[in-house]
Each structure stands twice: as C-alpha cells, then as structure tokens.
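Asker: Got a predicted structure plus its sequence, pasted below:
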Amino acid sequence: MSEPTEQKRAYDSPRRRQQAEATRRDILRAAQPLFESQGFAATTMAAIASEAGVAAKTVYTAFETKGGVLRGLWHLLLRGDDADVPVMDRAWYREVLDEPDPARQVQLNARNSRVVKQRIAGVLEVIRHAAPLDPDSDALWRRIESDFYDNQRAVVESLAAKGALRDDLDAARATDILWTLNHPDVWQLLVVRRGWTAEQYEQWFAAAARDQLLARASGS
C-alpha cells in the first residue's frame, strides 16, 4: 500500500526546503564575486547560474530577477547568516541597546558598524551604482539608507532615555549625526579611498560619536 499523499508531503517538505535553501546560498555565494568584480550591469543571470553550477531557470525561480539576487545577497551579508531575523532582533544589535553604560554603547555600535561593513562594503557599492539602472536596486538602496537611519535612531533613543545626550541635542539631531558617521559613504571614503584599516575606522567612529553625542559625564 502506498503512503498517504499528505504524509508523503509532510515527509518530503523539510528536505525540499533544505535543498532549496542550500541552492539559494550557493547562488548568492556565486553571485557576490561576480557583482563585485564586474558590476551589476555586466553580471548576467546566466553567468550567476554557471558559477553556481545550476540552470538559469533555477536562479530565476529562486530570485525572479537580477535585482532580486542582489537583494538576497544584501540581506545575507547584512545579517551574517540566512536566518530570517531582522537586524533589530539580532543579538549583536540588542547588545548595544541593552548596554547600561552610554560610552560603552557608543563603542559597541562602532564595533558593529565595522564588522558589518567589512561584510557588506563591496556589495553596497554594487547596489549604489546599480540604483540608477535598476528599479529593484534603487528601491533597495533607499531601503538601506532608511534602515540604517532607523537602527541608529534606536541607539540614540536609548542614550536619550539615560539622559546621556549633550544638552544642545535633541534625538532627531543626534540621530542625524550618528547616521552620518555610520553611513557607508564614510567607510568608502576613509577605508577604501584613504586606506584606513577597519580597526582605525572603528576607533575613529567611536571617538567621534562620543564627542558629538554624549554629555561630558557620560563620555568620560
């Protein structure tokens, strides 16, 4: 007697899902060096498929468009793994918000900025240059800037709740400052163009944020 259809689907579904997730990871790993070396326009779905060792149809099924591949790669690199957990719920981000000492919060935020940008800097430049050419990439770039702002605003709100901000700053102005210091443009200018090490960037970002945001007692 054959196995009931519902039980067979229940048995096969986790395996198929794992296979699909593994294929997605392979495609993204293959796409990253192509995007970073050739740029968005010159990288084709066929080239991504060939590099990943899958059919082009598989890439289209998994991501629909080349912009979709780029978006998937961005999410993977930003979060550090393929678990569907947003940045604000990640342990490394929550550690900043949960830290009671304002100066330590600023330092942890700079550490996170350095670690994340080491993963995403190359792909960020691909997205930036793709934005004028591709509507999906343009929407992604706008979302990235917005998400960066929201993440830094939560840090500022935590500092403000402790009474740690300078007296001449409100939360909105402080968020603008922290967002600017954390913006990927600054990493590109200092690390990529001027040759700073990632550690020098982290130290500078932490010191600048302390000087610009924290009341004297909080930053001492």
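Answerer: Arrived safely.
Asker: Please make it C-alpha for all contacts and neighbour counts, starting now.
Answerer: Fine.
Asker: Check which helix or strand residue 82 maps to.
Answerer: Using DSSP states H and E, residue 82 maps to neither a helix nor a strand.
Asker: quick one: it and residue 74 touch, right?
Answerer: No. Counting by CA atoms under 8 Å, residue 82 does not reach residue 74; the two are 10.6 Å apart.
Asker: neighbour count winner among the two?
Answerer: Between residue 82 and residue 74, counted using other CA atoms under 10 Å, residue 74 has the larger neighbour count: 21 against 15.
Asker: what comes into contact with the helix or strand hosting that one?
Answerer: Using DSSP H and E, residue 74 falls within helix 66-79. Outside helix 66-79, the residues that touch it by CA atoms under 8 Å, 6 or more residues apart in numbering are 28, 31-32, 44-45, 63, 82, 85-87, 90, 116, 119-120, 123-124, 127, 134, 136-137, 140.
Asker: Can you say which of those residues are buried?
Answerer: 28, 31-32, 44-45, 63, 87, 119-120, 123-124, 127, 134, 136-137, 140 (16 or more other CA atoms under 10 Å).
Asker: For the helix or strand harbouring residue 129, which residues meet the burial criterion?
Answerer: Taking DSSP H and E as the criterion, residue 129 maps to helix 102-130. The neighbour-count check on helix 102-130 (16+ other CA under 10 Å) flags 102-115, 117, 119-130 as buried.
Asker: hey, where'd the helices end up in the protein?
Answerer: 5-38, 45-52, 56-63, 66-79, 91-98, 102-130, 135-161, 171-182, 184-187, 198-213, 216-219 (DSSP state H).
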